[in-house]
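A.B. asks: generate coordinates for the sequence data below:
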Amino acid sequence: MAASVIQLIGFMLSALGQFLISAATAMDMWGLQDRSFSVVTSVFTYSGLWNSCVENSAGMTQCRPYFTILGLPAMLQAVRALMIVGIVLGAISCLIAIFALKCLKMGNMEDNIKATMTLTSGVMFLLAGVCGIAGVSVFANLIVTSFFFTTYTEGGYGGGVIGGGLGGSLTPRYTFGPALFVGWIGGALLVVGGVIMCMACRGMVPPEEKRQNYGLAYKAASHHTTVYKADTRSRPAYDESFRAQSMDGRHSNQQYV
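C.D. replies: Residues are numbered from 1 along each chain as shown. Next comes the predicted model:
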């Protein structure tokens with residue numbers, strides 16, 4: 001019963017993590033424009049793995065998809081690949097875990113087979129979580145690198161100062177979007193759920209039975225003492241004139257002493 005509960009908890013956590021990384025992959029708010037030093041606040045831009053969007057103060061949003069693949073940065077393509085691999089692994093693991101649930105009866109499936117399927121799904125959930133966390137972390141590293149190495153455009157702090165304010169404009173800088181946190185949480189849930197599924201596998205294995213009919217069973221020789229008793233029966237007396245009879249019925253001259 002405990003193994004079944006642990007398996008169900010691991011499956012629910014993994015399924016929730018799978019949903020979160022799928023939602024994070026589809027979201028457009030991976031990178032948000034940092035408006036702390038922005039002069040123009042009526043326009044707000046953000047971007048994701050598939051689209052780049054612009055939102056104005058009136059709430060109107062216009063998104064433009066990335067129409068090219070070869071023109072995108074290599075790291076962005078790597079993030080895409082990691083998230084897609086994580087989603088595929090998680091989807092396959094969910095299917096395997098459903099058939100491996102101990103609370104569901106699938107024909108005459110034995111417990112050891114379900115334990116093996118549970119272990120397989122747990123490992124795949126773990127790999128899916130690692131892929132999701134790695135993809136989100138790579139994108140976050142890109143944002144951090146771009147944030148600290150963004151330079152000002154012409155005019156910056158200097159000649160174009162009017163009334164002590166900022167002259168010119170700043171190059172837009174991006175910060176973490178909500179999709180990154182959703183992806184991190186989803187990946188962490190997948191990892192935790194995969195570990196729990198692997199732990200539940202040990203409790204699902206039936207106790208090891210005695211191995212029978214496996215090779216020749218060795219039995220130790222029993223220690224029995226054989227008691228020899230003297231034969232007390234009376235024997236017939238033979239006289240010296242007894243002669244041995246040969247095989248063909250003739251008498252020989254040999255005498256028994």
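A.B. asks: just the pLDDT for Pro206.
C.D. replies: Predicted confidence (pLDDT) at Pro206: the value is 62.
A.B. asks: quick one, what contacts Ile9?
C.D. replies: Ile196 (C-beta atoms under 8 Å, 6 or more residues apart in numbering). The way it works is simple: take the backbone N, C-alpha and C, and place the C-beta from them, glycine included.
A.B. asks: ok, Ile21 next?
C.D. replies: 83, 86-87, 90, 128, 132, 182-183, 186-187, 190 are the contacts of Ile21 under C-beta under 8 Å, 6+ apart.
A.B. asks: state the mean pLDDT of stretch 72-91.
C.D. replies: Mean predicted confidence for stretch 72-91 is 92.
A.B. asks: that stretch: which residues count as buried?
C.D. replies: Under the neighbour-count criterion of 16 or more other C-beta atoms under 10 Å, stretch 72-91 has 76, 79-80, 82-83, 85-87, 89-90 buried.
A.B. asks: again with stretch 43-57
C.D. replies: 44, 46-49, 51, 53, 55.
A.B. asks: quick one, strands of this protein?
C.D. replies: Along the chain, counting by DSSP state E, strands occupy 31-33, 43-47, 51-56, 61-65, 174-176, 243-245, 251-255.
A.B. asks: in CSV, list those strands along with mean pLDDT.
C.D. replies: Formatted as CSV, these follow (pLDDT from 0 to 100):
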stretch, mean pLDDT
strand 31-33, 86
strand 43-47, 83
strand 51-56, 86
strand 61-65, 87
strand 174-176, 86
strand 243-245, 48
strand 251-255, 48
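A.B. asks: tabulate those strands in CSV, adding columns for distance to Leu101.
C.D. replies: Shown next, in CSV, are these (distance: least, C-beta to C-beta, whole Å):
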stretch, distance to Leu101
strand 31-33, 39
strand 43-47, 40
strand 51-56, 38
strand 61-65, 39
strand 174-176, 37
strand 243-245, 89
strand 251-255, 92
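A.B. asks: can you name every helix or strand that the helix ranked longest in the chain contacts?
C.D. replies: The residue-count maximum for a helix in the chain (DSSP state H) belongs to helix 111-148. When contacts are defined as 3 or more C-beta pairs under 8 Å, 6 or more residues apart in numbering; DSSP states H and E, helix 111-148 sits against helix 2-26, helix 74-100, strand 174-176, helix 178-204.
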